[in-house]
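Visitor: sequence first, predicted model second:
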Protein chains: 2
Amino acid sequence: MALSKLPYRGTRDFFPEQMRLRNFIFSKMAEVSEIFSYEPYDGPLLEELDLYRAKSGEELINDQVYNFIDRGEREVAIRPEMTPTVARMVAQIHREVSKPLRWYAIPNLMRYEKPQKGRLREFWQYNADIFGAPEILGDIEIIQLAIAIMKSFGANNHHFEVLINSRHFVNYIFENILKIDAERTKKLYKLVDKRAKMPSDKFSTQAQAIILDSEKSRQFEEYAALNSIEDVIKFIRNTDNEIPKQIQPLINLFNGLEDLGLKQYIKFDPSIVRGLDYYTDVVFEIFDKHPDNLRAIAGGGAYANLLSIFGETPLPGIGFGLGEVPLTEFLKSHNLLPDFSKQKIDIVVAYLDTSAEKIVLEISQELRNQKIKVEVFLGEAKQKKIFSHTDKKQPHFVLMLGSDDITNGTGQLRNLKNKEIHNVSLNNVDNISKIILNSKT
Amino acid sequence: MALSKLPYRGTRDFFPEQMRLRNFIFSKMAEVSEIFSYEPYDGPLLEELDLYRAKSGEELINDQVYNFIDRGEREVAIRPEMTPTVARMVAQIHREVSKPLRWYAIPNLMRYEKPQKGRLREFWQYNADIFGAPEILGDIEIIQLAIAIMKSFGANNHHFEVLINSRHFVNYIFENILKIDAERTKKLYKLVDKRAKMPSDKFSTQAQAIILDSEKSRQFEEYAALNSIEDVIKFIRNTDNEIPKQIQPLINLFNGLEDLGLKQYIKFDPSIVRGLDYYTDVVFEIFDKHPDNLRAIAGGGAYANLLSIFGETPLPGIGFGLGEVPLTEFLKSHNLLPDFSKQKIDIVVAYLDTSAEKIVLEISQELRNQKIKVEVFLGEAKQKKIFSHTDKKQPHFVLMLGSDDITNGTGQLRNLKNKEIHNVSLNNVDNISKIILNSKT
């Protein structure tokens, strides 16, 4: 029986059009990262399973990790996220290097998911982290970087927003104000998350059923309705009079981003909690504002204790991950993607007669030495066939040579964009390359 | 117990210096490929195990493949090579697209190897293939591309050579001339491979012991000593008078590459056979000429029947793989690598006093909008500390602002390369960005 031609479930074949798109996205991410002085890194595809056990909790492992036993009886996993790897790497070197460390990567990750729109088993995820920055300055920079990457694709505040919360603020609400246990806290997280999609009286009833105290329930509902950092400040002032020390950074973050002219991109949102256990302070998500597509494109947060599992002293950091799958959906739904269906070819060189083959290959070789993108039409072909090919491929130029051209030592270089025809000498490739290179500038 | 900080055995952590090196190598590969009009593609990290069973034989699977059963009871493998994937992808679309197809990829692959110098469990491999090209023209182009990639790193014929053989020629020797069975053929392959490292009388004795016929054994020794395409032609003429049809392409390949001025890079070598079953005609390897490092950096060949396992009509192709691990060793041993220890930073912007923080962040943001690579020195710091930092990081410029500068609205932009100092206005970032951008051209 013939083998399947399709890729493994939940993974993709990247044909050239899709791969050009992927390269475009990755090169923008890398370019903006370098502009922010972030340095590239990468880690291994496989890590020991214990790394994820320690960092991400059993739930992720049981549900989503591709893990197996290797031939040396080690439990290994295909990386489902990058943060444990970057923590492991930073743990190796953080004592010797000057801080802050600014790093980015675009690894391929795998999770055992039920494939659906915007969710696949294999995907790439941009990751950026800053370790050891002074309080809040790293947070400002990382969110500024996230916004700059989105803007580099032409997206603006009509397309996306950054929703921000703080674990310290969440803890303040649940521990200091509501004073309820971890289990009920978890239930309330879920309830906040569903708030936008349910009638307000149903929300009240459910909150009441969990909290069992009408005054506290009212406070919880007030929290869940907070819609801006100004609201947050008012809410705290009404309750406590003074801003608790651990919440000040959240307010400073909003002020700092406002100073940078980024207020229109950011919003306080009480529903942003982030499931992963390692976040300790600011958490944020980038949301698509398109009505068909309201969901997170990126998410991240601050962590204070990421190195502790390696027996290292704490080194606070903040970082985020931006998935290539939801980002591509986002860019498509807002029409922000260029056309990648065509390969970029400067010139197609072809021959009408085998006698011209040698000179065509030689000219091509010399043009390539000038970094000109040359496609050789291999094999002799009729003019009609060559034109039908260039109609499809749309190179900037075409040079097709017949036996007469070889005899005369001249040829016609056609600019297919402006329809100009240049008579060129075949003895001096420079006169051809100059025309092509000049047309590029 | 604290977790290990080291990467999984046979894999690597790419810290920024190593990652810049890797990015440099990959970007050269991609650049040259695009100049040759090859299009990028990629496939999934996991494939169904049957794909490798069908294509590469059980030996590779049993010894080297990372395979496991997924949660849906499928036998899957982490890709150990790219050719089966590209064949699967081409099988999907080859009926609808115009030929030839020219594709390249730089995937990460995994093999269960005993880690040693130049051999790791996780590695990247550049792959290029041309499918459906007219006979020999594709072969010429692919070897030309391989040489062009090597040359793009500054390597020349003193550093490397392309050793070429042909499966048709090998079959001609073993089937038509020696007329021996597959098992003894395999033994002789191995013997040819070891020839350079053994005394000639020992080689003769061992050949004789396998072939059991002194005239044939003499012919085999003559074959094993062939050292150039001219030798090959002489050898055939002495035996058969006429060049058999299936060997002509090998000769045409050498002629074609000679026409392109590449003769000094190529050499016929009878020891090049390539283990993989799918090669059917020309096979080649790129060898490092460094005495400490005599081994293959790349290998490839022509295949006629790669699509048959998918029930598709044959589509001949030729391709090669170039491993990033042996290539890096090669470039290092010949001193062909630039220094990647330093990050490229255009400017470090710093502040001596917190009162200057806001303006420093704003200036940085505006410079970044001009694609200038800016590192903000976060937190107020003494001048000495900032200079000690720039001594280490070596940015092109540094701008450090104190409270006086803020009051005056001016600052000193220092060019650390030529030691020039520019007095700049802080109210107009353009006068800063112009100095930086001009220094780049």
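Guide: Good, I have the coordinates.

Visitor: what number of residues lie near the residue nearest to A:Asp292 when sequence neighbours are not counted?
Guide: If the residues on either side of it in the chain are set aside, A:Asp292 comes closest to A:Ser333, at 6.2 Å by Cβ to Cβ, 6 or more residues apart in numbering or on different chains. Heads up, the C-betas are built off the backbone N, CA and C, glycines and all. A:Ser333 has 15 neighbours, counted by other Cβ atoms under 10 Å in any protein chain shown.

Visitor: the closest residue to A:Val273 other than its chain neighbours is in what secondary structure piece?
Guide: Spatial nearest neighbour of A:Val273, chain neighbours left out: A:Tyr189 (5.1 Å); criterion: Cβ to Cβ, 6+ apart. Per DSSP states H and E, A:Tyr189 falls inside helix A:182-194.

Visitor: report the buried residues of that helix.
Guide: A:185, A:188, A:191-192 (16 or more other Cβ atoms under 10 Å in any protein chain shown).

Visitor: and for stretch A:24-40?
Guide: Applying 16+ other Cβ under 10 Å to stretch A:24-40 flags A:25, A:29-30, A:32-40 as buried.

Visitor: could you work out the most separated pair of the residues you listed?
Guide: A:Ile25 and A:Ser37 (20.9 Å; Cβ to Cβ).

Visitor: pretty sure A:Ala304 sits against A:Thr313.
Guide: No. If you go by Cβ atoms under 8 Å, A:Ala304 and A:Thr313 don't touch, sitting 11.2 Å apart.

Visitor: neighbour count for these two, which is higher?
Guide: A:Ala304 (16 against 10).

Visitor: give me every residue that touches that one.
Guide: For A:Ala304, the contacting residues are A:280-281, A:314, A:316, by Cβ atoms under 8 Å, 6 or more residues apart in numbering or on different chains.

Visitor: most neighbours of all those, which one?
Guide: Counting by other Cβ under 10 Å, top hit in those: A:Asp281 with 24 neighbours.

Visitor: which phi and psi does that one have?
Guide: phi -140, psi -120 (degrees, to the nearest 10).

Visitor: host element of the closest residue in space to it that isn't next to it in sequence?
Guide: Nearest in space to A:Asp281, with sequence neighbours left out and distances taken as Cβ to Cβ, 6+ apart, is A:Ala302 at 3.9 Å. Using DSSP H and E, A:Ala302 sits within strand A:296-303.

Visitor: partner strands of that strand, with direction?
Guide: Applying DSSP bridges, strand A:296-303 is found paired with strand A:282-288 (antiparallel), strand A:317-323 (antiparallel).

Visitor: ok so, going back, mind checking which of the buried residues of stretch A:24-40 are in helices?
Guide: If you go by DSSP state H, the buried residues of stretch A:24-40 have A:25, A:29-30, A:32-35 in helices.

Visitor: tabulate those (JSON lines), appending distance to chain B and pLDDT.
Guide: Converted to JSON lines, those look like this (distance: Cβ to the nearest Cβ, whole Å; pLDDT from 0 to 100):
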{"residue": "A:Ile25", "distance to chain B": "13", "pLDDT": "98"}
{"residue": "A:Met29", "distance to chain B": "13", "pLDDT": "98"}
{"residue": "A:Ala30", "distance to chain B": "8", "pLDDT": "98"}
{"residue": "A:Val32", "distance to chain B": "8", "pLDDT": "98"}
{"residue": "A:Ser33", "distance to chain B": "10", "pLDDT": "98"}
{"residue": "A:Glu34", "distance to chain B": "6", "pLDDT": "98"}
{"residue": "A:Ile35", "distance to chain B": "5", "pLDDT": "98"}
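
Visitor: from A:Ile177, how far off is the residue nearest to A:Val273?
Guide: Counting by Cβ to Cβ, to the nearest Å, the gap from A:Tyr189 to A:Ile177 is 15 Å.

Visitor: tell me who's in contact with the residue positioned nearest the centre of chain A.
Guide: Taking Cα atoms, centre = their mean as the criterion, A:Leu322 is the residue nearest the geometric centre of chain A, at 3.5 Å. Neighbour list for A:Leu322: A:29, A:125-127, A:146, A:149, A:286, A:297-298 [criterion: Cβ under 8 Å, 6+ apart].

Visitor: who does it form a beta bridge with?
Guide: Counting by DSSP bridges, A:Leu322 forms beta bridges with A:Tyr126, A:Ala298.

Visitor: measure stretch A:131-142 end to end?
Guide: 11 Å (Cα to Cα, to the nearest Å).

Visitor: revised request: answer the last question for stretch A:262-280.
Guide: OK, stretch A:262-280 end separation, Cα to Cα: 24 Å.

Visitor: how far off centre is that stretch?
Guide: 17 Å (Cα atoms, centre = their mean, to the nearest Å).

Visitor: tell me the pLDDT of the residue lying closest to A:Gly323 once chain neighbours are set aside.
Guide: Leaving aside its sequence neighbours, A:Gly323 sits nearest to A:Gln125 (Cβ to Cβ, 6+ apart; 5.0 Å). Note on A:Gln125: pLDDT of 98.

Visitor: just give me the neighbour total for A:Gln125.
Guide: A:Gln125 has 22 nearby residues by other Cβ under 10 Å.

Visitor: now the one 5 residues further on
Guide: Here the number of neighbours of A:Ile130 (other Cβ under 10 Å) works out to 25.

Visitor: how about A:Lys384?
Guide: Burial of A:Lys384 is recorded as 8 neighbouring residues (other Cβ under 10 Å).

Visitor: gap between it and chain B?
Guide: Per Cβ to the nearest Cβ, to the nearest Å, A:Lys384 is found 14 Å from chain B.

Visitor: helix, strand, or coil at that residue?
Guide: Secondary structure, DSSP: H, G, I helix; E, B strand; the rest coil: A:Lys384 is helix.

Visitor: A strand includes A:Val398, no?
Guide: Yes. With three-state DSSP as the criterion, A:Val398 is part of a strand.

Visitor: now do the lowest-mean-pLDDT helix or strand in chain A: which elements does it pack against?
Guide: Between all helices and strands in chain A, the lowest mean by mean pLDDT, DSSP states H and E belongs to helix A:58-64, at a mean of 78. If contacts are counted by 3 or more Cβ pairs under 8 Å, 6 or more residues apart in numbering or on different chains; DSSP states H and E, helix A:58-64 sits against helix A:49-56.

Visitor: quick one: the helix it packs on to strand A:296-303, angle?
Guide: 90 degrees (axes from the mean of the first three to the mean of the last three Cα atoms, to 10 degrees).

Visitor: give me the contacts around helix A:49-56.
Guide: With Cβ under 8 Å, 6+ apart as the criterion, helix A:49-56 contacts A:60-61, A:65, A:67, A:75-77, A:80-81, A:83-85, A:87-88, A:276-278, A:306, A:309, B:3.

Visitor: give the rounded mean pLDDT of it.
Guide: 84.

Visitor: then it to PDB, C-alphas only?
Guide: Taking Å, rounded to 0.1, in the frame of the first residue of the first chain, the C-alpha atoms of helix A:49-56 are listed here in PDB:
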ATOM      1  CA  LEU A  49      11.000  15.500  31.400                       C
ATOM      2  CA  ASP A  50      11.800  16.500  35.000                       C
ATOM      3  CA  LEU A  51      12.500  20.100  33.800                       C
ATOM      4  CA  TYR A  52       8.800  20.500  32.900                       C
ATOM      5  CA  ARG A  53       7.600  18.600  36.000                       C
ATOM      6  CA  ALA A  54       9.400  21.100  38.100                       C
ATOM      7  CA  LYS A  55       8.500  24.200  36.200                       C
ATOM      8  CA  SER A  56       5.100  23.800  34.600                       C
END
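
Visitor: ok so, going back, continuing past the helix holding A:Tyr189, what's the next helix or strand?
Guide: Next element after helix A:182-194 (DSSP H and E): helix A:200-211.

Visitor: check which residues of that next one are buried.
Guide: A:203-204, A:206-208, A:210-211.

Visitor: show me what from the stretch 201-350 of chain A comes close to chain B.
Guide: Residues of the stretch 201-350 of chain A lying close to chain B (Cβ under 8 Å from any Cβ of the partner chain) are A:256, A:259-261, A:309-311, A:343-345.
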